[in-house]
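Visitor: Below is the sequence, then the predicted model.
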Amino acid sequence: MRITIEEPAVAAAATNGKAHTAAAAAPAAAPAPPSRSATPPLPPRPAADGDEPSTVYEPPLQEAVEITNKRSSDILHDPTLNKGTAFPLDERERLGLRGLLPPIISNMGVQLERVMKDFYYGLDQIPPEEIGSGITREMERRWRMLQGLQDRNETLFYRVLVEHFAEMAPIVYTPTVGWVCTNYHKLWRRPRGMFFSAGDAGHMASMAYHWPQEDVQAIVVTDGSRILGLGDLGTNGLGIPIGKLDLYVAAAGFHPSKVLPCVIDVGTNNARLLEDPLYVGLRQPRLRGDAYYAVVDEFVRAVTSRWPQAVLQFEDFSIEHALPLLERYRHHHLVFNDDIQGTAATAVAGLYGALRALGLPPSALAQQRVVCLGAGSAGMGVVSMIADAMVVQGCTPEEARRNFWVLSSRGLITSSREVIPSNVAPFARPEGELEGATLLEVVRHARPTVLLGLAGVGRLFTREVLEAAGAVCERPIVFAMSNPTSKMECTAAEALEATEGRCVFASGSPQDPFEFQGRRREFGQANNLFLFPGMALGAYLGRTGTVTDGMFMKAAEAIPELIEEEDLAAGLAYPRIKSIRDISAAVAAAVIAAAHVEGRVANANASAAAAAGPEALLRYVKRMMYSPFEYSSLAYRPLGQ
Ligand SMILES: O=C([O-])CC(=O)C(=O)O
Ligand SMILES: [Mg+2]
């Protein structure tokens, strides 16, 4: 496997072709692009006849070489030196840039095409089906504006993000981040984070040293194979680790220079990206099997060797790899999978919150009847953890399992199904019980109190399904957890209308408040953003070695404690995200406390704080959190001193 180099001739041809396509698709009001926006064709090559030079030698007017004493990101941040994706491989090696840029080496023609498309069409270069419902032009404008701020002044960026978190989280994170990933190759700006590709095999350990920070405390990595519910986005998926780590800083107080977003590029099976001349990832189908695991293993060895104390969060890996990778590393490294474990703990937290809102004690969890749509890694992670929580609340594992009805795209899963993955098998209904039944049939038959949506395919909680849920239960709990907005199982308005306002609703992507039956209704956000920043902070501060199920369970129990009384009365199952820093601090403290009981807190300060009790521990955590409210003063120390 080697780094792919775009052929200039091919790229120039593609440039011309695309310019015409874009012009045809342009709205009538848009200015017509010049007939040729691409680089002019090269002059015909002179025929080689004999040994005579065909041209007269002309000395160049300016030096072709520019001298610099800068390296690595200092070069990318110097506009006079930066070439973006066009740095050739030898310069990437010589200047410590390998890994700081996507694997494709473009030429200036491709860069020109990207710029001109944006210049002429802006958002309109993007086919409407890619925009995704819920993403408006105004959200795009805000994203671009905040991105510009982040590129020039991170302290100020994080200050505005912390101060206006509820308003800005939907722009830097879900749902806008889904749109950003879909269009990452068109929106290309300054690179942020690291790219490890299959073409880097054998080089990753040394590449990790190209990252300029000695002290990295948290890494989020994706292989781009299942970005939110949007599918395989290849290297474009890096937008997700970037968005997650923005929240590490804003919500959990990691220092912005100490977090590292990463993508592992093993190819993509997304035909549209493979054909797009602007795509910046490897143009090859995804690696599979041992070849795939070899790349991920090398990445994990590279980053954990250079930064042994860092927490490593796996994000948006497709179902076939997410669980095997978690099992592979979780017993040796400080890792967790946010979609499996973070989403699970978020769902448990929300169920405890919903029970509180309904005036029921935590022990009532053991009596809930749960229908879960989606048997992927996130769905099954949620189901297993709710079952574990039911056991904590006093029922046997067998009784807990009988409380679940799990549906895949082929309907209800029963033990008569030919192939059942091992994590699904314990939750298969007994043979003969409605194999393959539709969601509507299952709701009527099982009479659930809880309806969970984790299928990632869009509006499957139809009006009929929701009405049935409202008919079999006075106050059904409805969580539409798939992201982004276009993939949610139903909207808040749909859930409220179909149940005459009786349900407790939450969704993974945010929903604006609205008036319903003369009352303003607001909704909790069932998103793992409540979990992962605090989980990472607790695991990092505690130096807990690994991340255990017990740590997740305690984190889940801590979250509903932070819902305000008046919000409980209004039926909110989650605290408000504007208190995200308090929530993350409480989660981190709960995580350290759980790890302390398990005897795995290796950091003496954290251990002493845990021994001193919950208040001392919470104070310790809060003291360790970075705050962007003041600039720190800068001191100068020359290199080598
Ligand atoms: O990123 C989010 O909003 C939640 C999440 O992990 C996912 O949907 O994969
Ligand atoms: Mg995710």
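Guide: Everything's here; your move. This is a predicted model, so every value here is computed, not measured. Ligands and ions are numbered 1, 2, ... in the order given.
Visitor: quick one: secondary structure of residue 145?
Guide: The three-state assignment at residue 145 reads helix, by DSSP: H, G, I helix; E, B strand; the rest coil.
Visitor: Roughly how far does it sit from residue 519?
Guide: 35 Å (C-beta to C-beta, to the nearest Å). From N, CA and C alone the C-beta is placed, and that goes for glycine too.
Visitor: How about residue 246?
Guide: Residue 246 is 34 Å from residue 519, where distance means C-beta to C-beta.
Visitor: Which one of the two is surrounded by more residues?
Guide: residue 246 (26 against 9; other C-beta atoms under 10 Å).
Visitor: What strand or helix carries the more buried one?
Guide: Secondary structure from DSSP states H and E places residue 246 in helix 239-252.
Visitor: mind listing what the most centrally placed residue in the chain touches?
Guide: Computing the C-alpha centroid of the chain and ranking residues by C-alpha atoms, centre = their mean puts residue 240 first, at 3.5 Å. Taking C-beta atoms under 8 Å, 6 or more residues apart in numbering as the definition of contact, the neighbours of residue 240 are 177, 181, 220, 222, 227, 228, 315, 316.
Visitor: my guess is the second one meets residue 229, correct?
Guide: Yep, that's residue 181 we're talking about. No - with contacts defined as C-beta atoms under 8 Å, residue 181 does not count as touching residue 229, sitting 11.6 Å away.
Visitor: between the two, which one's more packed in?
Guide: Neighbours were counted for residue 181 and for residue 229 using other C-beta under 10 Å; residue 181 has more, 27 against 24.
Visitor: contacting residues around the closest residue to the more buried one other than its chain neighbours?
Guide: For residue 181, ignoring the flanking residues on the chain, the nearest one in space by C-beta to C-beta, 6 or more residues apart in numbering is residue 239 at 4.0 Å. The neighbourhood of residue 239, defined by C-beta under 8 Å, 6+ apart, consists of 177, 180, 181, 184, 227.
Visitor: now do residue 489
Guide: Listed by C-beta under 8 Å, 6+ apart, the contact partners of residue 489 are 373, 453, 455, 458, 459, 460, 461, 480, 481, 482.
Visitor: which SS state does it fall under?
Guide: In the three-state summary, residue 489 is assigned as coil, counting by three-state DSSP.
Visitor: JSON lines for the contacts of residue 240, including distance to ligand 2 and secondary structure?
Guide: As requested, the contacts of residue 240 are exported to JSON lines (distance: C-beta to the ion, whole Å; DSSP: H, G, I helix; E, B strand; the rest coil):
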{"residue": "177", "distance to ligand 2": "10", "secondary structure": "helix"}
{"residue": "181", "distance to ligand 2": "11", "secondary structure": "helix"}
{"residue": "220", "distance to ligand 2": "10", "secondary structure": "strand"}
{"residue": "222", "distance to ligand 2": "8", "secondary structure": "strand"}
{"residue": "227", "distance to ligand 2": "8", "secondary structure": "coil"}
{"residue": "228", "distance to ligand 2": "6", "secondary structure": "coil"}
{"residue": "315", "distance to ligand 2": "5", "secondary structure": "coil"}
{"residue": "316", "distance to ligand 2": "4", "secondary structure": "coil"}
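Visitor: Report the contact partners of the closest residue in space to residue 106 that isn't next to it in sequence.
Guide: When the adjacent residues along the chain are set aside, residue 106 lies closest to residue 85, with 4.3 Å between them (C-beta to C-beta, 6+ apart). Applying C-beta under 8 Å, 6+ apart, one finds that residue 85 lies in contact with 101, 102, 104, 105, 106, 110, 111, 188, 280.
Visitor: And for residue 622?
Guide: Applying C-beta under 8 Å, 6+ apart, we find residue 622 in contact with residue 585.
Visitor: Kindly report the same for residue 400.
Guide: Contacts for residue 400 (C-beta under 8 Å, 6+ apart) come out as 366, 387, 388, 390, 391.
Visitor: Ramachandran coordinates for it?
Guide: Backbone torsions for residue 400, taken as degrees, to the nearest 10, come to phi -60, psi -50.
Visitor: Please apply the same query to the one 5 residues further on.
Guide: Note on residue 405: its backbone torsions stand at phi -130, psi 120 [degrees, to the nearest 10].
Visitor: Go ahead and confirm it touches residue 373.
Guide: No - using C-beta under 8 Å, residue 405 is not in contact with residue 373, being 9.5 Å away.
Visitor: and residue 174, how many neighbours does it have?
Guide: A count of neighbours around residue 174, defined by other C-beta under 10 Å, yields 23.
Visitor: Surely it is in a helix?
Guide: No - assessed by three-state DSSP, residue 174 does not belong to a helix; its assignment is coil.
Visitor: Need the per-residue pLDDT for it.
Guide: Per-residue confidence for residue 174 comes out at a pLDDT of 93.
Visitor: Quick check: it vs ligand 1, distance?
Guide: Using C-beta to the nearest ligand atom, to the nearest Å, one obtains 3 Å as the distance from residue 174 to ligand 1.
Visitor: Go back to the contacts of residue 240 and keep what's next to ligand 1.
Guide: Among these, the residues that sit close to ligand 1 (C-beta under 6 Å from any ligand atom) are 228, 316.
Visitor: on that earlier part again, tell me which of the contacts of residue 400 fall in helices.
Guide: If you go by DSSP state H, those have 387, 388, 390, 391 in helices.
Visitor: Spatially, which residue comes closest to the first one, not counting chain neighbours?
Guide: Right, the one you point to is residue 387. Residue 387 sits nearest to residue 400 (C-beta to C-beta, 6+ apart), 4.2 Å away.
Visitor: and what of residue 273?
Guide: Spatial nearest neighbour of residue 273, excluding adjacent residues (C-beta to C-beta, 6+ apart): residue 279 at 4.6 Å.
Visitor: out of all of them, which strand in this structure is the longest?
Guide: Once the chain is assigned using DSSP state E, the strand that runs over the most residues is strand 259-265.
Visitor: can you list the residues that contact the helix or strand following it?
Guide: The helix or strand immediately downstream of strand 259-265 is helix 271-275, counting by DSSP H and E. Identification of contacts with helix 271-275 by C-beta under 8 Å, 6+ apart yields 185, 233, 234, 236, 268, 279, 281, 283.
Visitor: Doesn't the last one lie inside a helix?
Guide: When you say that, I think you mean residue 283. No - using three-state DSSP, the assignment for residue 283 is coil, not a helix.
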